[in-house]
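*Asks:* show me the folded form of this:
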Amino acid sequence: MAKIAIQYCVECMFLGRALEIAKLLLDEYPQQIKSLKLVPGTNGVFTIELDQEPIYCIGKEGRLPSVEEIRVLVEPKLAKRVGNGDAKQ
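*Replies:* Reported below is the predicted structural model:
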């Protein structure tokens, strides 16, 4: 099961987008997520990690991600976990 961390800049008021993404992930993939944490940060940070692997970083992209962008990035990684879990049963 996946561990997800969303680090967001408090000063930049990125909490709203972090919450939107967190809600999407928890609604869409409840069986694949072990934990999801929101991590307050500063200096314009907005990073999403899946099992400590960065999947999105505002520094590289230069903008906040859309909720749909994150769905597209996360879905194949979490879908694989379901397939692996089903194979083991």
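
*Asks:* please pull out the lowest mean pLDDT helix or strand from the chain.
*Replies:* When the helices and strands of the chain are compared on mean pLDDT, DSSP states H and E, helix 67-88 comes out lowest with a mean of 74.

*Asks:* for the chain, what spans make up the helices?
*Replies:* Listed in chain order, the helices of the chain (DSSP state H) span residues 15-28, 58-61, 67-88.

*Asks:* so where is the protein shaky, pLDDT-wise?
*Replies:* 81-89 (pLDDT under 70).

*Asks:* find the centremost residue of it, please.
*Replies:* Among the residues of the chain, the smallest C-alpha distance to the mean C-alpha position (C-alpha atoms, centre = their mean) belongs to I48, namely 4.7 Å.

*Asks:* who are the contact partners of the closest residue in space to that residue that isn't next to it in sequence?
*Replies:* Nearest-residue entry for I48: Y56, 4.4 Å, with adjacent residues in sequence omitted and distances by C-beta to C-beta, 6 or more residues apart in numbering. Heads up, the C-betas are built off the backbone N, CA and C, glycines and all. Y56 sits next to F46, T47, I48, P65, E69, I70, L73 when contact means C-beta atoms under 8 Å, 6 or more residues apart in numbering.
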